[in-house]
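A.B. asks: No letters, just coordinates:
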């Protein structure tokens, strides 16, 4: 064989080997189908959600009494007020950034900024409104949630590239790891603060070891963002963030009043009974969240019949979930509560049905909230989000005085029914605009 032939043979072999390598790498990163993405995301989300609920079970079963459960619920409620500031609705914005106006590093840096603002505000609020002994647990829970929100930036990158299997696996790992650490650490120490600190560290490890390398396969993480771009993004999303903040406060304020009026044990009982209902509420969101893009497309194209048909199907789906769960928990709620929590908590099963009604109405209002964002009615979103807070502040004191722990659920029902009326009216007003065209971004963020 001549030298030239040998060189050609070697070059051809190297080229084929490289081709095989590229095919292997691209195969690992190629997009999944919509069905597989939804299945992976739902499986991971449900696993994580179930694990978070089991933590609320363990905090009752491991501790003696309901004081630790009340403290944990207080931490969740107080941080929940400021969670919208930390999130800043950036996940939805990032996954819809089809023009790649901002890098993953810029989104990550912005999330660090919003997390910092939320934690500072949470600390000040906790100092002013909560017992000093509760502040460390509240802040450590805030750090735990902040770690999860930082990982969400990587998840948004995965979703934009249609690899939600990475998201599902990560969420499952987060849930199982958090549950295992809580069970072990809280059993050994009986110290909620130490347990929350260890859970936070575990999430950071998952983010660094699992999520960041996979996100880097699509786009390298380079930290940093200009002040001009930061201001643009913060101002652009401010109205919907204020709305989310108001809706979170509408849920948290009545629980805090219950804590003040009836003590830690009452809030601990209410939170424990409400924990499985929260899973149902979150599960209801799985019905509509993957469909928000379709609503936006139908609105853009003026296909009102398709839009209303989809709206009716989502409404019926959420209603059906609520009815089925109400019947099942009415029949089996007491023994299930006793099975999970013991401590004679089955006597509080009367709290379940009002909780389910309020949870389904709340889930539907969040659907309407997202729907108004999809049609770019930020004004209607903001007004409709403030309505439940105003109603909750007006109703919570008399309702808790009249109905005790059930007063929290009745307050939620009244406030979110008012929100549904407001947001529904805003959405119908959008549909009546003849030839309405979605108000898309007029500012090219990439030029900032």
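C.D. replies: Thanks, I have the structure now. Here the structure is a predicted model, which is why all the values come from computation and not from measurement.

A.B. asks: Surely residue 142 is in contact with residue 119?
C.D. replies: Yes - at 5.3 Å, residue 142 and residue 119 qualify as touching, with contact defined as CB atoms under 8 Å. (C-beta placed from N, C-alpha, C; glycine too.)

A.B. asks: Can you work out which residues contact both of these two?
C.D. replies: Counting by CB atoms under 8 Å, 6 or more residues apart in numbering, the contacts common to residue 142 and residue 119 are residue 82.

A.B. asks: With neighbour numbers in mind, choose between those two.
C.D. replies: residue 142 (25 against 19; other CB atoms under 10 Å).

A.B. asks: got a list of what that one touches?
C.D. replies: Residues in contact with residue 142 (CB under 8 Å, 6+ apart) are 75, 79, 82, 118-119, 122.

A.B. asks: Now it. Nearest residue, chain neighbours left out?
C.D. replies: Nearest residue to residue 142, sequence neighbours excluded (CB to CB, 6 or more residues apart in numbering): residue 79, at 4.7 Å.

A.B. asks: tell me the contacts of the one you found?
C.D. replies: 122, 138, 141-142, 145.

A.B. asks: and of the residues you listed, the nearest to residue 307?
C.D. replies: Comparing the contacts of residue 79 against residue 307 with CB to CB places residue 145 closest, at 34.4 Å.

A.B. asks: List the contacts of the closest one.
C.D. replies: 79, 83, 86.

A.B. asks: Confidence-wise, which of these comes last?
C.D. replies: The lowest pLDDT within these belongs to residue 83, which sits at 87.

A.B. asks: wait, that residue sits on residue 249?
C.D. replies: No - taking contacts as CB under 8 Å, residue 83 lies outside contact range of residue 249: 10.7 Å.

A.B. asks: the more surrounded of those two?
C.D. replies: Taking neighbours as other CB under 10 Å, residue 83 and residue 249 compare with residue 249 leading, 22 against 19.

A.B. asks: got any ranges where the stretch 251-400 of the chain has weak pLDDT?
C.D. replies: The model of the stretch 251-400 of the chain has pLDDT under 70 over residues 290, 293-294, 297, 340-343.

A.B. asks: quick one, helices of it?
C.D. replies: 264-288, 292-301, 304-341, 352-374, 378-403 (DSSP state H, counting those that start in this stretch).

A.B. asks: Make TSV from the ones you listed and add mean neighbour count and distance to residue 414 to it.
C.D. replies: Below are the helices of the stretch 251-400 of the chain laid out as TSV (neighbours: other CB atoms under 10 Å; distance: least, CB to CB, whole Å):
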stretch	mean neighbour count	distance to residue 414
helix 264-288	21	17
helix 292-301	17	27
helix 304-341	16	17
helix 352-374	23	9
helix 378-403	20	5
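
A.B. asks: Minimum distance to residue 170: which of those helices has it?
C.D. replies: Smallest distance to residue 170 across the helices of the stretch 251-400 of the chain (CB to CB): 17.4 Å, for helix 264-288.

A.B. asks: could you say what helices and strands the closest one packs with?
C.D. replies: If you count contacts as 3 or more CB pairs under 8 Å, 6 or more residues apart in numbering; DSSP states H and E, helix 264-288 packs onto helix 34-62, helix 67-87, helix 238-262, helix 304-341, helix 352-374.

A.B. asks: Domain map for the protein?
C.D. replies: What automatic domain parsing lists as the domains of the chain is 32-236, 265-433.

A.B. asks: quick one: which of these is nearest residue 255?
C.D. replies: Closest of these to residue 255 is domain 32-236, at 4.9 Å (criterion: CB to CB).

A.B. asks: Widest-spaced pair of the contacts of residue 79?
C.D. replies: Within the contacts of residue 79, two members stand farthest from each other by CB to CB: 138 and 145, at 10.9 Å.

A.B. asks: any idea how far the residue lying closest to residue 92 once chain neighbours are set aside lies from residue 93?
C.D. replies: Using CB to CB, 6+ apart and skipping residues adjacent in sequence, the residue nearest residue 92 is residue 373, 7.2 Å away. Using CB to CB, to the nearest Å, residue 373 is found at 10 Å from residue 93.

A.B. asks: picking that back up, export the helices of the stretch 251-400 of the chain to CSV and append columns for distance to residue 103.
C.D. replies: Shown next, in CSV, are those (distance: least, CB to CB, whole Å):
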stretch, distance to residue 103
helix 264-288, 29
helix 292-301, 23
helix 304-341, 34
helix 352-374, 23
helix 378-403, 25
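
A.B. asks: Of all these, which one is nearest residue 112?
C.D. replies: Checking these against residue 112 by CB to CB gives helix 352-374 as the closest, at 23.8 Å.

A.B. asks: got the angle between that closest one and helix 292-301?
C.D. replies: If you take axes from the mean of the first three to the mean of the last three CA atoms, to 10 degrees, helix 352-374 sits at 40 degrees to helix 292-301.

A.B. asks: just checking, residue 69 touches residue 62?
C.D. replies: No - using CB under 8 Å, residue 69 is not in contact with residue 62; the gap is 9.9 Å.
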